[in-house]
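>>> Sequence and computational prediction follow.
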Amino acid sequence: MRFLQSRPRSQVVAFERMLPVMILVLGILPIARADDFWKHKPSTEWTPAEALKIVRRSPWAKVGVVVFLRRDAEAAYSVPTGTNHCDSDAIDANGNCMQKGRVEAPIDSSQQSDASPRLTPSAAFLVRWESAGAVTQAFARLAELGQHTVAEFQAQARRVPADRYVITVKLEQPGRIGFEPFAVTPAGKPPLHATLKTRRGAVAPLETEFTGMGANSSVHFFFPRTVDGAPLLGDGRESAEFGLQGNGFAVHSKFTLDSDYLQ
């Protein structure tokens, strides 16, 4: 660069040191802008991947991970068999232990060298705020693009009433065989306790709907938009915390919501 040749050496060195930083910053800006494509790109131009991102990984769709503790049943006592727990001088000529019926207390796991609890694979839940304009537009765009199977697998709520905030919870990764927390059986619906909390208070769902079958089942919670006559969410940006407790698991998700994107 000719203009650098006329500069003092110290200024040239400083510029050369700043150049990589400038390139990095200038390179990040377009990426950051492209990541929030819904802010500058109309939904009618969203690609299938972009529409899917809205309903799966966006400010309105988050993944909550649950780790289950494996609680193996431990007897209060054990009766050793064979010669593993037999004194060497109590083994007869045929190799049989003569200490029949000897009772031993089980090994306390807290006294083992590794006292940390054994963990099963973790389960993952998709928690989605259905009452967002972008989410509705994303499902509409998927339908427009002919992605009906994809949209159905994402467990869209069948309805989004204007006087409710709707939150969908879908099992993403079971984590263990047979874990179907939202499956409705002839015995009834699974017991679930859900809450939605903002700075104005906490509310319970007014309605709960189950969709899908077996491992593909999902649940939709319909929360009131007001608490004690006041809006649950105000104007601007606010936080909302969703909690769900079921049989042997709990999920917690926090949303930062902009009123401009809520419907």
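In hand now; what should we look at?
>>> can you tell me which residues contact residue 239?
By Cβ atoms under 8 Å, 6 or more residues apart in numbering, residue 239 lies in contact with 198, 199, 254, 255, 256, 257. (Each C-beta comes from the backbone N, C-alpha and C, glycine too.)
>>> which residues sit in contact with the first one?
The neighbours of residue 198, taking Cβ under 8 Å, 6+ apart as the test, are 232, 233, 238, 239, 240, 241.
>>> how far away is the closest residue to it other than its chain neighbours from residue 190?
Counting by Cβ to Cβ, 6 or more residues apart in numbering, residue 198 lies nearest to residue 240, which is 5.0 Å off, once chain neighbours are set aside. Going from residue 240 to residue 190 by Cβ to Cβ, to the nearest Å gives 24 Å.
>>> For these two, indicate the residue with more neighbours.
residue 240 (20 against 16; other Cβ atoms under 10 Å).
>>> All the helices of the stretch 51-200 of the chain, residue numbers only.
For the stretch 51-200 of the chain, the helices defined by DSSP state H, counting those that start in this stretch occupy 133-144, 148-153.
>>> Output the below-cut-off pLDDT ranges for the stretch 51-200 of the chain.
Along the stretch 51-200 of the chain, segments meeting pLDDT under 70 span 67-121.
>>> all strands for it, in order.
With strands called from DSSP state E, counting those that start in this stretch, the stretch 51-200 of the chain shows them at 61-66, 123-129, 164-173, 193-198.
>>> So what does the residue nearest to residue 198 look like in phi/psi?
phi -140, psi 140 (degrees, to the nearest 10).
>>> thought it was touching residue 200?
No: at 9.9 Å, residue 240 does not count as touching residue 200 under the criterion of Cβ atoms under 8 Å.
>>> shared neighbours of the two, anything?
Counting by Cβ under 8 Å, 6+ apart, the residues touching both residue 240 and residue 200 are 232, 233.
>>> Work out for me the element residue 208 sits within.
Assigned by DSSP states H and E, residue 208 belongs to strand 207-211.
>>> residues making contact with that strand?
Here strand 207-211 has contacts from 155, 157-158, 164, 182, 184, 189, 192, 194, 217-222, using Cβ under 8 Å, 6+ apart.
>>> one more time with 7 Å, if that's ok
With Cβ atoms under 7 Å, 6 or more residues apart in numbering as the test, strand 207-211 has contacts from 155, 158, 182, 184, 189, 192, 217, 218, 219, 220, 221, 222.
>>> Give me the buried entries from those.
In terms of neighbour count (16 or more other Cβ atoms under 10 Å), the buried residues within the contacts of strand 207-211 are 155, 182, 184, 192, 217, 218, 219, 220, 221, 222.
>>> coming back round to it: which of the contacts of residue 239 count as buried?
Buried by 16+ other Cβ under 10 Å: 198, 255, 257, out of those.
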